[in-house]
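Q: My questions are about this predicted structure, shown below with the sequence.
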Number of protein chains: 2
Amino acid sequence: MREFGTTIRALREKKGLLLRQVAAELDIDTALLSKVERGERSIKKEQVMRIAVIIGAETKDLLVLWLSAKINDVLENEDYAEEALLVTLKKIKKR
Amino acid sequence: MREFGTTIRALREKKGLLLRQVAAELDIDTALLSKVERGERSIKKEQVMRIAVIIGAETKDLLVLWLSAKINDVLENEDYAEEALLVTLKKIKKR
DNA sequence: ATTACATTTGTCACAATCTGTCAAGTCAAA
DNA sequence: TTTGACTTGACAGATTGTGACAAATGTAAT
C-alpha cells in the first residue's frame, strides 16, 4: 500500500521535477519527501493538497490515496482488517 | 461510532459487574474505563482481549468493533471517507 | 437532608509517536 | 573521479496518547 507515494513520484517525474524542487515548494527537506514517496513516512493533509497543485494532480484523487494509506496503517498486521472495513463502511454510509 | 464502548458496557452490565471491578482486573483506573465505554478514549488491543474474557464476549467481535473505531477516528471529518474505504477494501482483499 | 456508592469530568505527568533536519551514504551519468 | 539526485540512519522538538488522581455529579436508600 505505497500507492500514494508511487503516484506522486510518477507525476513528479512526468513533470520533470526534482525532489529538491518540490520539497522546496512544500518547505520541507528533500529527505523527507523522498521518504514520503517511498511510503516510509506520511504527511499532513494540507501538504497533500499543495503537492496536488505542484505536480498537477486531482486533489481529490490524492486525498483518497493518502487517506487510504492512513487506514492501511491502522490495519497493518490485523487479522480482522476486512471485517472491520466492512463494518465501518456500513456506518459511514449512514452519516 | 461509539459501538465498541456501548457494546462492552452493555455486556458488563448484563453480567452485573461494576466499572471498578472490571477496571481492577484490567489494572487500569475506573475513570479510564468509563471514558472507554463512552468512546472518549481508546485502549490497546491486548486490553480488548482481556475485556472479552472478563465480560464474556467473543474476542473476534470485540476486536472488529475496536478496529472499526480506530478506522473511524482516521476518517473523522474527512470528505472522501467512503472512497478511501472502498480503495482500501480492494487492496486488502489482495493480501 | 444525609450518606453511600457508582460513574463522570477536568487536569496533570509521563510515555510514545510524529515531523522534520542533518550528515553521511549509495548510485548513475558524464 | 566528480557531480548531482536520491536514500538512509540518527537525532531533536513537537504533538498526541495513556493513565492517574481529585473533585464533581448522579442516584438510591436511610
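A: Okay, I see it.
Q: Show me what from chain A comes close to DNA strand C.
A: Neighbours of DNA strand C within chain A, by Cβ under 7 Å from any atom of the strand: A:27-29, A:31-32, A:41-44, A:47, A:73. C-beta coordinates here come from the backbone N, C-alpha and C atoms, glycine included.
Q: repeat that for 10 Å
A: A:23-24, A:26-36, A:40-47, A:70, A:73-74 (Cβ under 10 Å from any atom of the strand).
Q: from those, which ones fall inside strands?
A: Helix and strand membership here follows DSSP state E; of these, not one is in strands.
Q: Just the buried ones among those, please.
A: Of all the residues of chain A next to DNA strand C considered here, the ones buried according to neighbour count by 16 or more other Cβ atoms under 10 Å in any protein chain shown are A:23, A:26, A:32-34, A:36, A:43, A:47, A:70, A:74.
Q: Let me know the secondary structure of the most centrally placed residue in chain A.
A: Nearest to the mean C-alpha position of chain A, counting by Cα atoms, centre = their mean, stands A:Trp66 at 3.0 Å. Secondary structure state of A:Trp66, per DSSP: H, G, I helix; E, B strand; the rest coil, is helix.
Q: picking up where we left off before, tell me the one among the buried ones among the residues of chain A next to DNA strand C nearest to DNA strand C.
A: Sorting those by how near they are to DNA strand C, with Cβ to the nearest atom of the strand, puts A:Leu32 at the top with 3.7 Å.
Q: A:Ala23 is in contact with the closest one, correct?
A: Yes: taking contacts as Cβ atoms under 8 Å, A:Leu32 lies within contact range of A:Ala23: 7.1 Å.
Q: just checking, which of the residues of chain A next to DNA strand C belong to helices?
A: Among those, the subset assigned to helices under DSSP state H consists of A:23-24, A:26, A:30-36, A:45-47, A:70, A:73-74.
Q: Max pairwise distance over these: which two?
A: By the measure Cβ to Cβ, those have their two most distant members at A:Ala24 and A:Val74, which lie 31.8 Å apart.
Q: now the buried ones among the residues of chain A next to DNA strand C in CSV, with pLDDT?
A: Written out in CSV, the entries for those read as follows (pLDDT from 0 to 100):
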residue, pLDDT
A:Ala23, 98
A:Leu26, 97
A:Leu32, 98
A:Leu33, 98
A:Ser34, 98
A:Val36, 98
A:Ile43, 96
A:Gln47, 97
A:Lys70, 97
A:Val74, 96
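Q: can you put the residues you listed in TSV and add distance to DNA strand D?
A: Below are those laid out as TSV (distance: Cβ to the nearest atom of the strand, whole Å):
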residue	distance to DNA strand D
A:Ala23	9
A:Leu26	13
A:Leu32	8
A:Leu33	8
A:Ser34	3
A:Val36	9
A:Ile43	13
A:Gln47	14
A:Lys70	12
A:Val74	11
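Q: Below-threshold pLDDT in chain A: ranges please.
A: Counting by pLDDT under 70, the low-confidence segments of chain A come to A:95.
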